[in-house]
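K.L.:
pasting the sequence and the predicted coordinates here, then a few questions.
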Amino acid sequence: MTTTAAPATTPFRFFDVHVVRTRRLGPSMVRITFGGERLAELTSGGRDQRFKIFLPQPHQDRPVFEDTGDGWYTAWRAQDPAERAVMRSYTIREQRHEPREFDVDFALHGADSPAHAAAAGPAGRWAAHARPGDPLTVLAPAVEDNGGVDFRPPTGTDWILLTGDETALPAIGGILSLLSPGTHAKVYVEIAHEDDRQSLPTFADADITWLVRDEATVASRQPVLDALRAAELPEGTPYAWIAGEAGTVKAVRRHLVRERGIDRRAVKFTGYWRRGASEEDLLAELTAGTAAADRD
């Protein structure tokens with residue numbers, strides 16, 4: 001899940017979609033395949049392609065909108081929070097054209113467990129109980145170069161560094177699937193359970209390190225950062241893509257720039273979530289910051 005600002009409708013479009021099938025990928029993640037009548041118009045840029053997904057409120061069977069035109073965001077913000085669709089950002093893990101469908105991998109955050117469901121977010125709770133035919137609305141790209149892809153290594157890059165937790169795993173998988181033969185990649189993925197490991201097909205020469213976190217020390221340890229500090233990184237010019245929990249992302253970026261001497265322009269970083277904050281909290285902060293900037 002990404003916590004980026006809501007995109008304008010162009011070059012994105014609204015699509016009504018429905019669940020085609022679901023598949024558990026491990027204890028912490030489920031893959032949901034979506035279909036829809038107009039998906040011939042959906043054009044993913046691959047890699048870490050992000051888009052917006054809109055979920056119904058618990059008492060609704062489908063998301064409720066008052067406007068899906070160019071003014072949708074203002075209209076959405078003006079709706080009663082108890083009635084308006086729940087907006088989240090996700091990655092298109094894979095798109096297929098025959099049949100026309102796309103996959104989205106959801107981190108459940110314990111939503112499938114009665115003991116932890118209350119603490120999980122609305123997207124995890126929805127995904128844990130999704131069934132074929134369930135309707136959703138998405139705001140997804142209609143052109144390949146749509147601004148929703150962040151992984152863009154410049155010419156002259158000698159090797160790739162990818163780091164993230166399970167929320168970044170779909171993007172990491174998408175990036176690896178499109179790396180060309182001969183590309184050297186170092187990958188560090190933090191997961192909640194040993195069985196959350198996935199097959200990540202790639203033509204690249206990829207060295208993938210899986211880091212199973214200890215939930216008892218999750219508030220005080222950062223497995224990705226600890227692994228990087230102990231790692232011997234390749235020679236040459238790197239391009240780093242780091243995502244996941246915002247505090248960890250910030251710490252990893254600081255390590256790469258200050259301690260490893262990597263050019264900050266060669267480090268792309270995105271906080272997909274922040275410990276102790278919902279996306280509504282982050283969206284409210286973003287809206288308040290934008291309003292303050294406009295006043296200034």
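P.N.:
Ah, there it is.

K.L.:
now the strands: where do they sit in the stretch 151-296 of the chain?
P.N.:
159-164, 184-191, 205-212, 238-245, 267-273 (DSSP state E, counting those that start in this stretch).

K.L.:
tell me the strands beside the second one, with direction?
P.N.:
Its sheet considered, strand 184-191 pairs with strand 159-164 (parallel), strand 205-212 (parallel) by DSSP bridges.

K.L.:
about what we covered before: got TSV for the strands of the stretch 151-296 of the chain, with mean neighbour count and distance to residue 45 too?
P.N.:
Where C-beta positions appear, they are placed from N, C-alpha and C, glycine not excepted. Listed next are the strands of the stretch 151-296 of the chain as TSV, based on neighbours: other C-beta atoms under 10 Å; distance: least, C-beta to C-beta, whole Å:
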stretch	mean neighbour count	distance to residue 45
strand 159-164	24	17
strand 184-191	22	19
strand 205-212	15	21
strand 238-245	24	15
strand 267-273	21	15
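
K.L.:
could you dump the ones you listed into CSV with distance to residue 198 added?
P.N.:
Shown next, in CSV, are those (distance: least, C-beta to C-beta, whole Å):
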stretch, distance to residue 198
strand 159-164, 13
strand 184-191, 9
strand 205-212, 9
strand 238-245, 16
strand 267-273, 17
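
K.L.:
out of those, the one nearest residue 71 is which?
P.N.:
Checking the strands of the stretch 151-296 of the chain against residue 71 by C-beta to C-beta gives strand 267-273 as the closest, at 27.0 Å.

K.L.:
which residues does the closest one contact?
P.N.:
Identification of contacts with strand 267-273 by C-beta atoms under 8 Å, 6 or more residues apart in numbering yields 1-4, 89, 150-152, 164, 167-168, 239-246, 249-250, 252-253, 256-257, 279.

K.L.:
picking that back up, so for residue 225, which of the strands paired with strand 184-191 sits nearest?
P.N.:
strand 159-164 (8.8 Å).

K.L.:
hang on, residue 64 packs against residue 56?
P.N.:
Yes: the pair residue 64 / residue 56 is scored as a contact, 7.3 Å apart, by C-beta atoms under 8 Å.

K.L.:
next, show the common contact partners of those two.
P.N.:
residue 85.

K.L.:
so those two - more neighbours on which side?
P.N.:
The residue with more neighbours, out of residue 64 and residue 56, is residue 56; 19 against 15, by other C-beta atoms under 10 Å.

K.L.:
let me see the backbone angles for the closest residue to the more buried one other than its chain neighbours.
P.N.:
With C-beta to C-beta, 6 or more residues apart in numbering as the criterion, residue 56 has its nearest non-adjacent residue at 4.9 Å, and that residue is residue 63. Phi and psi for residue 63, reported as degrees, to the nearest 10, are phi -70, psi 140.

K.L.:
hmm, residue 63 is touching residue 52, no?
P.N.:
No: in this structure residue 63 lies outside contact range of residue 52 using C-beta under 8 Å: 11.0 Å.

K.L.:
how about the longest strand belonging to the chain: buried residues?
P.N.:
The longest strand of the chain (DSSP state E) is strand 12-24. Across strand 12-24, burial judged by 16 or more other C-beta atoms under 10 Å covers 12-15, 17, 19-20, 22.

K.L.:
got JSON lines for those, with pLDDT and distance to residue 206 too?
P.N.:
Converted to JSON lines, those look like this (pLDDT from 0 to 100; distance: C-beta to C-beta, whole Å):
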{"residue": "12", "pLDDT": "95", "distance to residue 206": "31"}
{"residue": "13", "pLDDT": "95", "distance to residue 206": "34"}
{"residue": "14", "pLDDT": "96", "distance to residue 206": "36"}
{"residue": "15", "pLDDT": "97", "distance to residue 206": "32"}
{"residue": "17", "pLDDT": "98", "distance to residue 206": "31"}
{"residue": "19", "pLDDT": "98", "distance to residue 206": "31"}
{"residue": "20", "pLDDT": "98", "distance to residue 206": "30"}
{"residue": "22", "pLDDT": "98", "distance to residue 206": "28"}
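
K.L.:
so which of those residues comes closest to residue 68?
P.N.:
Once C-beta to C-beta is applied, the member of those that ends up nearest residue 68 is residue 14, at 4.5 Å.
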